[in-house]
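Asks: model the following, please.
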Amino acid sequence: MGPSDLLYRLYERRLAADLRRRGGLPRHVGVILDGNRRWARELGMGTSEGHRRGAAQIDHLLAWSAEVGIPVVTLWLLSTENLLQRHPAELADLLQIIEAKVVQLARDGAPDGYRIVPVGQLDALPERTRSTLLAAERASRGHSGGTLHVAVGYGGREEIADAVRRLLAEYGDKSLELGEAAGMVTPDEIARHLYTAGVPDPDLIIRTSGEVRLSGFLLWQSAHAEYYFADTYWPDFRKVDFLRALRSYAQRRRRFGR
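Replies: Have a look, this model is predicted:
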C-alpha cells in the first residue's frame, strides 16, 4: 500500500465517521454509470474493456451501499437511446456484459445480497437479454439485503408513457367511460404503474464522468431528489467518492417543495 492509498483509507474512515455522526442517509440511491467508453479510449483500450471494468465496479458500489445500510439502489446500465444508436457490435458486447453481471449478482448475492428487479422496456430487448434479466430476478427473490433495480432499455419518458398506458388499460378493463377515466387520473395513480412502484422514490441521484444532466433518468421519481455529479469516470469511482456523495446529501436541507 502506497502513501496515497494510505491517505485515501484514512480519508474514507473520516468520512464514514462523519456520516455516522450526521445520520440521515438516503433510503434509495440512483446511479447513472457514465464514462466507461471515455475511460477506455483515454487508456487506449477497446470500448468493451471499458464496459467490463464498469460492470466489475458494480460489485464495489453494492458492497459500499450494503455497508452503510441503503435498502434500494437503482443502476442505469442501458438507455432506450443506446438500443437504437449504439453500433450493433458494441451493443452486442454490452448486452453480454450486462447478462453476465446480473447472473453473477443473482448467484453470488445470496442470501443477504440485493434482490434484482429489472426495469425498462424489457420487450424491446433481445430475447436472450430479457430472459436472462427475468431469470436473475427469479433467482434472487430470496435475497434479503434490499432491492437493486437494474435499468436496461430504460428511458424516463418511456416509463411515464408506459405507466399512463397501463393505467388507461386498467380503466378500460373496468369498462369506464373516457370522461370518467380521465377524471380519475392523478399523480398517485400514475406512480402506481411506474417500473419502480412499491419502493421509495430516490433521495439521491449520482452521475459520474463530469456530465451535469439527468438524461431522462427516473424523471417522475426524482422530483424531490438531491443530485451529486462526480467528475471521475465510472470505472474509477472509489469508495471515497461514494462517501462524499452521501456526505453532500446529509449536509443538505430537504424542503420537498415547502
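Asks: middle-most residue in the chain, spatially?
Replies: Central residue of the chain (C-alpha atoms, centre = their mean): Leu75, 1.8 Å from the mean position.
Asks: surely that residue touches Val152?
Replies: No - Leu75 lies out of contact with Val152 (C-beta atoms under 8 Å); the separation is 9.3 Å. Bear in mind the C-beta positions are built from the backbone N, C-alpha and C, glycine included.
Asks: and the helices in the stretch 151-258 of the chain?
Replies: 156-173, 178-184, 187-191, 239-251 (DSSP state H, counting those that start in this stretch).
Asks: show me the shaky parts of the stretch 151-258 of the chain.
Replies: Residue ranges of the stretch 151-258 of the chain with pLDDT under 70: 254-258.
Asks: present the helices of the stretch 151-258 of the chain as a markdown table; the columns should include distance to Ser140 and mean neighbour count.
Replies: Converted to a markdown table, the helices of the stretch 151-258 of the chain look like this (distance: least, C-beta to C-beta, whole Å; neighbours: other C-beta atoms under 10 Å):
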| stretch | distance to Ser140 | mean neighbour count |
| --- | --- | --- |
| helix 156-173 | 22 | 15 |
| helix 178-184 | 35 | 11 |
| helix 187-191 | 25 | 13 |
| helix 239-251 | 22 | 18 |
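Asks: could I get those as JSON lines with distance to Thr80?
Replies: Compiled in JSON lines, these are given as follows (distance: least, C-beta to C-beta, whole Å):
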{"stretch": "helix 156-173", "distance to Thr80": "6"}
{"stretch": "helix 178-184", "distance to Thr80": "27"}
{"stretch": "helix 187-191", "distance to Thr80": "19"}
{"stretch": "helix 239-251", "distance to Thr80": "26"}
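Asks: among these, which comes closest to Ile206?
Replies: With distances scored as C-beta to C-beta, the stretch of those nearest to Ile206 is helix 239-251 (5.1 Å).
Asks: CA atoms only for the closest one, dumped as CSV, please.
Replies: Provided in CSV are the C-alpha atoms of helix 239-251 (Å, rounded to 0.1, in the frame of the first residue of the first chain):
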residue,chain,number,x,y,z
LYS,A,239,-15.4,4.4,-2.1
VAL,A,240,-14.3,7.9,-1.1
ASP,A,241,-16.3,9.3,-4.0
PHE,A,242,-19.4,7.5,-2.8
LEU,A,243,-18.9,8.6,0.8
ARG,A,244,-18.5,12.2,-0.4
ALA,A,245,-21.8,11.9,-2.3
LEU,A,246,-23.5,10.6,0.9
ARG,A,247,-21.9,13.4,3.0
SER,A,248,-23.1,16.0,0.5
TYR,A,249,-26.6,14.6,0.7
ALA,A,250,-26.5,14.5,4.6
GLN,A,251,-25.5,18.2,4.6
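Asks: other residues contacting it?
Replies: For helix 239-251, the external contacting residues (C-beta atoms under 8 Å, 6 or more residues apart in numbering) are 8, 11-12, 15-16, 18-19, 22-26, 60-61, 64-65, 68, 203-204, 206, 226, 228, 230, 232.
Asks: that older thread, excluding its backbone neighbours, what's nearest the residue nearest to the centre of the chain?
Replies: Of all residues not flanking Leu75 in the chain, Val31 sits nearest, at 5.4 Å (C-beta to C-beta, 6 or more residues apart in numbering).
Asks: the one you found belongs to a helix?
Replies: No - applying DSSP: H, G, I helix; E, B strand; the rest coil, one finds Val31 to be strand, outside a helix.
Asks: residues near it, how many?
Replies: 27 (other C-beta atoms under 10 Å).
Asks: what about stretch 53-61, average pLDDT?
Replies: Average pLDDT, stretch 53-61: 98.
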